[in-house]
Every structure is written in structure tokens, then in C-alpha cells.
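Undergrad: Take a look and give me a structure for this.
(2 chains)
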Amino acid sequence: MTRLILILALLLGLSAPVMAETSLAGHDIGSLVFITNKDSNDVTVIDSKDNNLIARFEIGPWCAPHMSMVSCDGRLLLAPRTKKNDFVAIDLKTGEKFGPIPVGFSPEHFDCSPDSKLCYIANFEEGTVSAIDLTQMVEVARIPGFAEPHGVTFTPNGSKAYIANFGAHEVGVVDTKTHQLIKRIAVGSAYKVAALNPDRYLAEIKGIANVTPTPDGRYVYAADGDSGEVAVIDTATDSVIASVRVGAEPWRAYSSPDGSLMLVPNNGDTTVSVISTRDNKVVATLKGGEGMTGINFTSNGRKAYAISSGEGAVYVYDMEKMRQVKRLKLGTNVVLETASTTADGNRLYLACSTTNSVYVIDGESDQVSVVPNVGHSPWAVAILGGYNYCH
Amino acid sequence: MQILLFITGLFVFNFYNITVFAEGASLEDLMRQLGTLKLEQDNLKAHMSKNEEKMSAMEVELQRLGGVAPTQETARAEEGVQATLPTTKKERIEKRVESLEEMTGKMFLLEPVEEIKKVSEWVCPEGHIYDHPSLDGRCHLCGKPQEERVAYRKFKYARKESISDRIAAMMEEGFKKKVAVGLSATGVFQQLVNSRKKDTSFAEGSLDLLFFHRPMINSTLFVDLEAIGGRGPDFIVGSASGLNDDASRGSTHDTDGVDRLSVREAWLQSIFMKDRLRLVGGKIDLTNYFDMNAVANDETTQFLTSAFVNNPVLSPPVNGPGLAGYFDTKKGYGFGLGIQNPRNSGTAVFDRPYTIGEVDYHTPKFLFGQAGNYRLWGRYNGDTKSRAVGLSLDQQFTQRLTGFARYGITGNTAVDEPKWAWSLGLGLSSPFSSRRYDRIATAFSQIKTFNRTKEDLVEAYYNLFLTDHMNLSLNSQVLFPARPELRMSEDGIPLPRERENDFLTTFGLRLQMDF
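TA: Modelled structure (predicted):
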């Protein structure tokens, strides 16, 4: 009995530093890194000042959260409970949990409006988008008309949201006042090739994963996987003003910090297309890796990092010389997920689902350090004011 | 011991409290959390009791299926079934499975199913999509005319799927992962248009059966079984340039009329040093690793002429046992080294070998700010004592237009090897906006043969993309002058020369399929 009490006491003592915190009051939210762990159903928090784990937020049993993010005002931690078909919000100062708020089937990706009052969640399997009023914590609308809605992107003024359809070759535009799908925009010319080879396109669709805005919100870029084209959409008129041919099976576009370049990883031919947003032309094609899940920038956009999930490696590019300079192999049997860049643009936090760890890459030296045991199957990383995305 | 325990407990308690209160958590917060935990506990209990009910119901059904006497509850359920008593055992079981599904809320067999369907939509030039055409045929957002087209869209349903079907599909998928099989078939028809001879049409076809397997991480086993039948124009023309490279390896159709398969390649490739070093060993084709070119390197999809597939002075041996290594510095430079038995005999493997070395420079931004690849190679054939050096480069001028050049010169006089050879050409992808995956290319080559005659050749092709798996090429070659050189019969007897025209033209069709 004595031994048992001793062991329990020690276990409690060891877990106290991580388990104890249920609020982040007193912390600078902008310096914290939020890791979404699919298999341990939680969000753990790393303080980027010393790379220590400081808190863990339970999202709910058996819910497999796909991603999480902090509302733009830094008040709420938001996370869909993907396997539970609902959504939760946690007040980071008080630790108060709101919800679960029922949404559609299989909520995965979402975005929060710039005023932090509204959140749109793409219900991937249901083909709908749930609109959550974050002031009331209720679902105010469920918007139909999508095919595998994947990424959600609000315009900087919050008046519209662009919904990427992975199960079709189109982008949906939603009016955030009426919560209505007001426009559908065709992307790419897959329909032309599909007419010649219908069997291929009746078996699988690789549509649009995400819509990426320029920093000023004037244009959005949408890559279509099947046609290998990136559509440039004018957000004022919601018209396609240019279509840029890139490599095979482009995943999505990633904007450089100043918005002058859009980098598009092409998983069909393991290249990265660099699009100049000035004239919407491909200015370079870089060698990439297998199964690229994302691209991050550091050093004010002078360096870019392409995450190759299939190779367990990160390709490092010098964007001034437009060439690959390094390939950081992070281990064998390592499956990399997504990364976020800190708000100052100096470091990358990269989730690795097979090792339950997060790799920290220094933007200047490319030195890699590891934060181990962040949770089971870390899937996504989010930093307030950082460069965030999911896959 | 008790004192130690007390101290440890106190330490833990204090640590826990210090951590909590240091971050500003109040007693109210803790009470609220406690309340939440209780609520979750209640939910969990309710959930477990519900599951227990389901489990007990399932156990009863399983007992029934196993021939155990039914309980009172299930006996009542069976009474309903008795009204329509199944005639066969299979039907009885199906009925009971249905009953089981009812009890379990069809949780097990109801699966979301996705289906891609063709849909008609009306789209304006600015990309606005509508399910139905407008009355005036114009987009109500931009006023531009709408066009009807067929698109593909994914729909999702909840359907009942058989578990056995699912298992079979998973097993099939698992088997596919073990060994990947590919098929590549090429058919070429060529017509000599200004020859004085009869029988000036040629047909040739090749079939490659490809097997891939990954026996270890970073290792690939590859086997290529090939069958070739028919002949190209070189059967009567005998050019040094090679008018059909696909037929140059010779027919595997034996004189006894039987089509045979030959093992073209069989090798194991391993990657080391963070993907920098690649080693390949086995029966290899050295032209897969040296004298590469982005525009002119593949007779099945690019130029058909041998002089544009590889430099003629490379004079590689027939595929045989060998080793090839390539080191990529990842800084633009690469180094390759290959060694191969000059005969595919399997004996005296490293006696008088064919050796080749290459230095590469790859840059994503070079001339015109576009990507370029530059290669310099040297080789020595221990069997014929001949040596040669050459270069192969390709440089993008725009994203669609790429140029290439090759040059090679031999350093001695080996019979049947050219003195020197060079070639130059251009390739354009997406020649028309509506034909994104088509390619058009043209090239010129000049070869000085071992008997000091020069041979020039021009080739142009248009590659028409039909589907992801099928391409059709229209091809034309012009050969100056068409002089038969040392043409041999199949028995090795020199055939009499015949003077041809000053130039000779071919037109060809090539169908290429990959699966």
C-alpha cells in the first residue's frame, strides 16, 4: 500500500507541470505554440521562449481533433471535434470551455473572422459549412452546396469567406452577413482532359485544397490538383483574372510574407512552382520532395521550407537565388505533418505524427531541435500571428 | 518511511498547488472544473450503460447464430420472424443479420460512400458557375455569355456495404502494395516516301512489363521484361543516325515464329546519405544514368531517332551486369560513375569493362532566369579500346520552350563507332492553349561516321495527348544523304549497297500507352 501511494504521488508530481494548467492567464499568447494531437484528443501548448510544454487542453474523448487555432483577438482556443461532429472553444484566460456545439459531419478545417466574432467550419463529409457565432457560441447557419469542403479563408475585412472544394474544381464564395453561398467560381481546365479520360476522373477527384489570399486581400490563389493550374481570383469581382500552369497535382499556394510570391508544391512531379504575383507567371520551378504538406517562410521571406511528409525531410530554398540549398532529413520512418512560423518569422514548429514530437527549425542556421512527447499524433500547429495552415 | 511519504506527498501537493495558483487559478475555477468533471463522469456512465445494453443484445444474437438456445427476450423477437419463416439456412442467417443490424442501429454495416458523378454546369469566361442556364444565356454577375460543359463532382451517401466486400477490397489493396506492376506498349509505323525500293513501310512494336518492389526502406527492385517485334527503316536504309531507336535493340521474335520476352533490366537500387548517393547494381542500362537530357532522351515519347536519344559516340554496350553510382551534392553539382560488362554473357564480368564518368550541373535559374542541366561525360570501352567524351545540355528559355544540345567525339578509331556527332533542338510544351499536355519538337543532328562520311538528319514530331495513359505522335524525319553503310543480313553477310536518293524522308505514327 505504501509503495502504491508513493508511486501515485510521484506520478502526480511528474505530471503536475503539464497537467496542472487549465488557463494561460499571464502568458503572452503570441509567444505560445498550440499543437493539435489527434490521438490523445488534446491541444498541448509550448512556450516558444524556452520550448517547454506548459499546458494541455483536453478537447474530448475519442474526438480526434483535426486542427486548432487561436481567435485573432487571442481570447479563444478553437477546435473541431472531428469524430464527434461538434466544436469547442476554450477561453484561454479563464479556462472556461464552451460547447460542444453540434456542427455537420466530419468537421476538419475552419477559419475565424478577423473580428473574432464568427467562425466557419468545413464539414468535409457532409458537404456543408457551419457558421458559429463566437459571441453566442451557437451554430447560426449550416450552408450547403459544397463538395468535400476543405480550406476556409476569410477576406481581411471579413465580408466574405472562400471555401475550397476538394471534391470539385470550384471555389465557393459565402457572404458572411447572410451566410449564403453567393457565388461558385470554376478553377482550372480539368473538364477538358476529363472528357478524354472520364474513367480516371470518375474514380478520383483532386480538386482545391485551400484558397490563399495575398496579404492585402486583393487577390486569392486557388490551385486545382487535377488540372495543374492555379486560378487568380480578383476578390473585388470574384472573377478569375488569370490561370497559371504549374506542375502536376499542385496542393495549394503559400504566400510569401510580402505577398510577392506564391509557392505551390506539386506532389505529382515533386516540384515547387514559384509564381510571381506581379505578373502571375511561374518564375522558377524548384525540386521538391514526395508528399509535400506545406511551405513556410523565414527571414522575411528570404528562405522557404517545403515539408516532405513522404521523405521525412524538409527542403530549404534560398528565395533570392531561387534554388534549393539544403535538405534536412529528420529521421527514418518519420511522417511530417504541418508547421507554423512564429510571428517574428524566425522559427518553424513542425509536427511529426509518428514520433509524437515537434521539430523546431531555426530560420537563420537551420539547426533542428526537438520537443518530445507533445501528445499522440501531433497533426497541426498554430501560433497567434504566425503563418498557420493545415492539410 | 512514513515521514518520507509525508514529505513526498506534501511536496507534490505544494507543487501542484503552487503551479495552479501561480497562474491565477482561483477556488471558483477549481470548483467549476470539478463540476465539469462530474458532468463528464455522468455522461460516461450513461454512455457505458448504453453500450452494455447493446453488447448484451449482441451476445444473445451471437449465441443464437452459434446454435445456443435463445433467451426469453430473443425468443419473442424470433416469433415475429416465424410468420415469414425462411426456407433456407442462408436466408435464416440473413434475416438474423438484419435483425442484428436493427438492434445495433445499423452502426456496423452502414458506411458513408462517395461517388463521383458527371454534372452539367454553365460557366462564363470569368469562371462563375451556375447549375442552370440563364434565360438570356449570359452570366448575371458579369454579363458575359455562358457555356455549357460537363464537370465532375463528388457526392456522398450513406449506404450499406457488405463487410466481406470490404475485406476483399482491403486484401486486394494490400497485395497491390507488395509488388507494383506497370505496362508500357509502343507501336510505330513508318513510311519511306521517296525511296526507289519496294516494301517501304515498316511496323514495329515493343511491350515492356515492369515490376517494382521495395524490399527495404530506401531500396527498389526493378525488373523490365521486354518483347519487340517488327523492324524499322534501318533494315533497308542502314543509317548511322538510327531511324527507329525503339527497334534498334532488335526483335525478340525468333525465327521459329515464337514471340519471346527478354529481361531488359533487372536491378536493385539503394539510396544513402540523405538521398545524396544512389547505387544501382544488376543488369542495367547505362543510358538511364548518363548522357541524360530533358528534351531528347526517350524514343517512346520524344524523338524517335537514335541520335536524339543518346549521343552516338556514347556507344553503350548492350544491357548487362554492371554498377552505377550517382552522388548529388544538393548544391547543383552531381557526379556519376558506371561500370558494365561489355557483353551480356555473365562471365568475366569485370574483364575489359565499359566505364563511364559524368559531372552534372543543375540549376533552377541560369540562362534567361530559367532552369538548366549541363552534363560532361567521358567513357572508355575496355573491349574495343575506344574512348570518347561528350556533353549533353538542356536549358529552358521559357516555362514552355526548352532547348537542348549534345556533342561527342571519340579519341581513337574503333570500327563502327562515329568519329564525332552533335545535335541541337527545341521542344515546346502546350503549343496551343487548348492542348495543354501536347508537345512539339524539332532537332538536327550531324554524325561523322567511321568511314569519314557525314550524315545529317532532321526530325520533327507532334505528340498528341489523348489520355493520361495514351499518346499519339506524328513524326517525320529527313536524312541527308541516305547512304547505306555496312548493311548486314541477319546471318552477318554484307548486303550489296544501293544508291538512294540525295535525301530520304519518312513519315510515321507512334502510339504509346502506359498503365
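Undergrad: now whatever residue of chain B ends up closest to chain A: how far from A:Ala203?
TA: Nearest to chain A, among the residues of chain B, is B:Lys154, at 3.0 Å (C-beta to the nearest C-beta). Just so you know, the C-beta spots here come from the backbone N, C-alpha and C atoms, and that holds for glycine as well. As judged by C-beta to C-beta, to the nearest Å, B:Lys154 and A:Ala203 stand 11 Å apart.
Undergrad: the helices in chain B, which residues?
TA: Assigned by DSSP state H, the helices in chain B fall at B:2-22, B:27-65, B:72-82, B:89-103, B:163-178, B:306-309.
Undergrad: what sits opposite B:Ala421 in the beta ladder?
TA: Beta-bridge partners recorded for B:Ala421 (DSSP bridges): B:Gly408, B:Ile447.
Undergrad: Next, count neighbours for it.
TA: Neighbourhood size, B:Ala421 [other C-beta atoms under 10 Å in any protein chain shown]: 26.
Undergrad: Same question for B:Pro316.
TA: Here the number of neighbours of B:Pro316 (other C-beta under 10 Å) works out to 19.
Undergrad: contacting residues around the closest residue to it other than its chain neighbours?
TA: With C-beta to C-beta, 6 or more residues apart in numbering or on different chains as the criterion, B:Pro316 has its nearest non-adjacent residue at 5.0 Å, and that residue is B:Leu286. Residues in contact with B:Leu286 (C-beta atoms under 8 Å, 6 or more residues apart in numbering or on different chains) are B:Pro316, B:Pro317, B:Gly322, B:Ala324, B:Gly338, B:Gln340, B:Tyr354, B:Ile356.
Undergrad: and the residue of the stretch 151-300 of chain A nearest chain B?
TA: For the stretch 151-300 of chain A, C-beta to the nearest C-beta, closest residue to chain B: A:Gly167, 3.0 Å.
Undergrad: so where do the strands sit in the stretch 251-391 of chain A?
TA: Ranges of strands in the stretch 251-391 of chain A, per DSSP state E, counting those that start in this stretch, are A:254-255, A:261-266, A:271-276, A:281-287, A:292-298, A:303-308, A:313-318, A:323-329, A:336-341, A:347-352, A:357-362, A:368-371, A:378-383.
Undergrad: sorry, that was for the stretch 351-500 of chain B
TA: Under DSSP E, counting those that start in this stretch, the stretch 351-500 of chain B gives strands at B:354-363, B:372-381, B:386-396, B:401-410, B:420-429, B:439-448, B:454-467, B:470-480.
Undergrad: partner strands of the first one, parallel or antiparallel?
TA: The pairing partners recorded for strand B:354-363 under DSSP bridges are strand B:333-340 (antiparallel), strand B:372-381 (antiparallel).
Undergrad: Next, format those strands as a markdown table and append mean neighbour count.
TA: Formatted as a markdown table, the strands paired with strand B:354-363 follow (neighbours: other C-beta atoms under 10 Å in any protein chain shown):
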| stretch | mean neighbour count |
| --- | --- |
| strand B:333-340 | 19 |
| strand B:372-381 | 19 |
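Undergrad: Please convert those strands to CSV, extending it with distance to A:Tyr191 and mean pLDDT.
TA: As requested, the strands paired with strand B:354-363 are exported to CSV (distance: least, C-beta to C-beta, whole Å; pLDDT from 0 to 100):
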stretch, distance to A:Tyr191, mean pLDDT
strand B:333-340, 40, 93
strand B:372-381, 34, 93
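Undergrad: would A:Thr36 count as being in a helix?
TA: No: using DSSP: H, G, I helix; E, B strand; the rest coil, the assignment for A:Thr36 is strand, not a helix.
Undergrad: Quickly list what it is bridged to.
TA: Bridge pairing for A:Thr36 (DSSP bridges) gives the partners A:Val43, A:Ala380.
Undergrad: My read is that it contacts A:Val70, right?
TA: No: if you go by C-beta atoms under 8 Å, A:Thr36 and A:Val70 don't touch, sitting 11.6 Å apart.
Undergrad: what touches both of those two?
TA: Shared contacts of A:Thr36 and A:Val70, counting by C-beta under 8 Å, 6+ apart, come down to A:Ala382.
Undergrad: Please identify which of these two sits among more neighbours.
TA: A direct count of neighbours by other C-beta under 10 Å for A:Thr36 and A:Val70 places A:Thr36 higher, at 32 against 26.
Undergrad: and the gap between that one and chain B?
TA: 20 Å (C-beta to the nearest C-beta, to the nearest Å).
Undergrad: tell me the contacts of that residue?
TA: Contacts for A:Thr36 (C-beta under 8 Å, 6+ apart) come out as A:Val43, A:Pro65, A:His66, A:Met67, A:Ser68, A:Ala79, A:Ala351, A:Pro378, A:Trp379, A:Ala380, A:Val381, A:Ala382.
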